[in-house]
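Trainee: Have a look at this fold, sequence not included:
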């Protein structure tokens, strides 16, 4: 029978919560008792499975990083480059419909990267059970202003005005009232906040490149002046499902996109982006200052311990439209 | 190399990696201290697996090969972090990898059993797990979110995991899985 203190220390170690002073005791226990090492292996597997079941993405070798370049670790960039180097050559449309791919390429060529785009965004959860529990006939629409990896998004949920965004330095901020704002530096963004940003924003150039590289494309006969390209991922493990792009034939302007999101092969949500405006905006549009009162409390890494986390918990609850007592 | 051959290799690599990733992740989690370092080391392992995939001998279990590479990356990591001491000595890492190779076939049944066992947990316990594993909150963050103390959260999470581990074992035993 393994001592309870050793069992607890194994859990604390896996939680990254074991004081350094306790590490020696744990090491001795693991060296002296094969059952302890076996328990460590079992618990490490359990922690990983809990992480999976709770909804985090696994690392896959075909993954396109969901976070902005500034927060990718050097190792991850190296991995992407190596995988692209190894396999990239045959990923460039070996089997895609040539006309569809050509159209997407032409859109990319004409895509102005120096402009800001404003979209309306609607996220529809895939699970009817979740939707019913939330008792909302229509998920709320948010407004997204985006320029590369910079974005600002705002919406009204439960009568509260929410705004969140990523600035030019890669910091992510959010607010649930004009009285306070939480700011996370590029290297300290929690996964849950990164997931919200990833799901609801659209870097058009990156998305089109992903379509060309990783999707089977086909052109559907569009209505009037618009063509529709349908993309289906080649890799079953992709975090994207079917992607539909509406392109104005004359101007090659992307008018809208419907993106299915998947996790471990299962559809989790459908996100609809509709272009509302293309215009040049000041860089300040992506900073939190314009979204809160002048004397608002700023919760950054120097804030009172736990205050920023509390605001994050509240923000995530509202964004996910969970009841207050859940 | 023909593009068909490259596609075949890529598909094989992706599929093999997805199969063993939980075991590799568990190995790295057991051997490396912080969550951020674990992610970095795991990415290094994935990179090494992709780079050296053509060296893989199909006569050997892929999980053993991937864990052998993972062991090297963990040792490299500790060498580069001179301030951090290797918590598991070389021989211990070897034994940990052997244990995970033996457990490999059980990972999928364990996941299925876990999903069923989670259904039986009270909402408060599920909430704590969500804060820990979905939101990625540290113990102190969870304590603040549920208006409790870090010590109480630690004990609660420990008990939840003990309950889940016992439930998984019971289900596997009932299905003759172990």
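Mentor: Looks like it arrived, so ask away. No experiment lies behind these values; they were computed from the predicted model shown.

Trainee: Ramachandran angles for residue B:149?
Mentor: Per-residue torsions, residue B:149: phi -110, psi 150 (degrees, to the nearest 10).

Trainee: Burial check on it, number of neighbours?
Mentor: Per other Cβ atoms under 10 Å in any protein chain shown, the neighbour tally for residue B:149 reads 13. Quick note: C-beta positions are derived from backbone N, CA and C, even for glycine.

Trainee: residues in contact with it?
Mentor: Neighbouring residues of residue B:149 by Cβ atoms under 8 Å, 6 or more residues apart in numbering or on different chains: residue B:143.

Trainee: Distance of it relative to residue A:306?
Mentor: Taking Cβ to Cβ, to the nearest Å as the measure, residue B:149 falls 12 Å from residue A:306.

Trainee: For the two, list the residues in contact with both.
Mentor: Among the neighbours of residue B:149, those also in contact with residue A:306 (Cβ under 8 Å, 6+ apart) are residue B:143.

Trainee: partner strands of whatever helix or strand residue A:117 lives in, parallel or antiparallel?
Mentor: Assigned by DSSP states H and E, residue A:117 belongs to strand A:116-125. Under the criterion DSSP bridges, strand A:116-125 sits next to strand A:141-147 (antiparallel), strand A:266-279 (antiparallel) in its sheet.

Trainee: What helix or strand is residue A:232 located in?
Mentor: Applying DSSP H and E, one finds residue A:232 within strand A:226-233.

Trainee: How far off centre is that strand?
Mentor: Relative to its parent chain, strand A:226-233 has a centroid offset of 22 Å by Cα atoms, centre = their mean, to the nearest Å.

Trainee: which stretch in the strands paired with strand A:116-125 has the least confidence?
Mentor: If the strands paired with strand A:116-125 are sorted by mean pLDDT, strand A:266-279 sits at the bottom with a mean of 84.

Trainee: anything in the lengthiest helix in chain B near chain A?
Mentor: Ordering each helix of chain B by length in residues (DSSP state H) puts helix B:3-31 first. Yes. Applying Cβ under 8 Å from any Cβ of the partner chain, one finds that helix B:3-31 is in contact with chain A at B:3, B:6-7, B:9-10, B:13-14, B:17-18, B:21-23, B:25-27, B:29-30.

Trainee: Tell me the buried residues in the helix with the most length in chain A?
Mentor: Longest helix in chain A by number of residues (criterion: DSSP H): helix A:34-53. Residues A:36-53 are the ones in helix A:34-53 that count as buried (16 or more other Cβ atoms under 10 Å in any protein chain shown).

Trainee: can you tell me which residues contact the most centrally placed residue in chain B?
Mentor: Taking Cα atoms, centre = their mean, the centroid of chain B lies closest to residue B:26, which sits 2.4 Å from it. Going by Cβ under 8 Å, 6+ apart, residue B:26 touches A:41, A:44, A:45, A:47, A:48, B:100.

Trainee: could you measure the closest residue to the third one other than its chain neighbours against residue B:149, distance?
Mentor: When you say that, I think you mean residue A:45. Residue nearest to residue A:45 in three dimensions, not counting chain neighbours: residue B:26, with 4.5 Å by Cβ to Cβ, 6 or more residues apart in numbering or on different chains. Residue B:26 sits 29 Å away from residue B:149, going by Cβ to Cβ.

Trainee: Next, give phi and psi for residue B:60.
Mentor: Torsion angles, degrees, to the nearest 10, at residue B:60: phi -100, psi 150.

Trainee: Below-threshold pLDDT in chain B: ranges please.
Mentor: B:1-3, B:82-84, B:176-178 (pLDDT under 70).

Trainee: Which residue ranges make up each domain of it?
Mentor: B:3-104, B:120-174 (automatic domain parsing).

Trainee: same deal with chain A?
Mentor: Taken from automatic domain parsing, chain A resolves into A:4-53, A:93-319.

Trainee: The first one - what's its average pLDDT?
Mentor: With pLDDT averaged residue by residue, domain A:4-53 scores 89.
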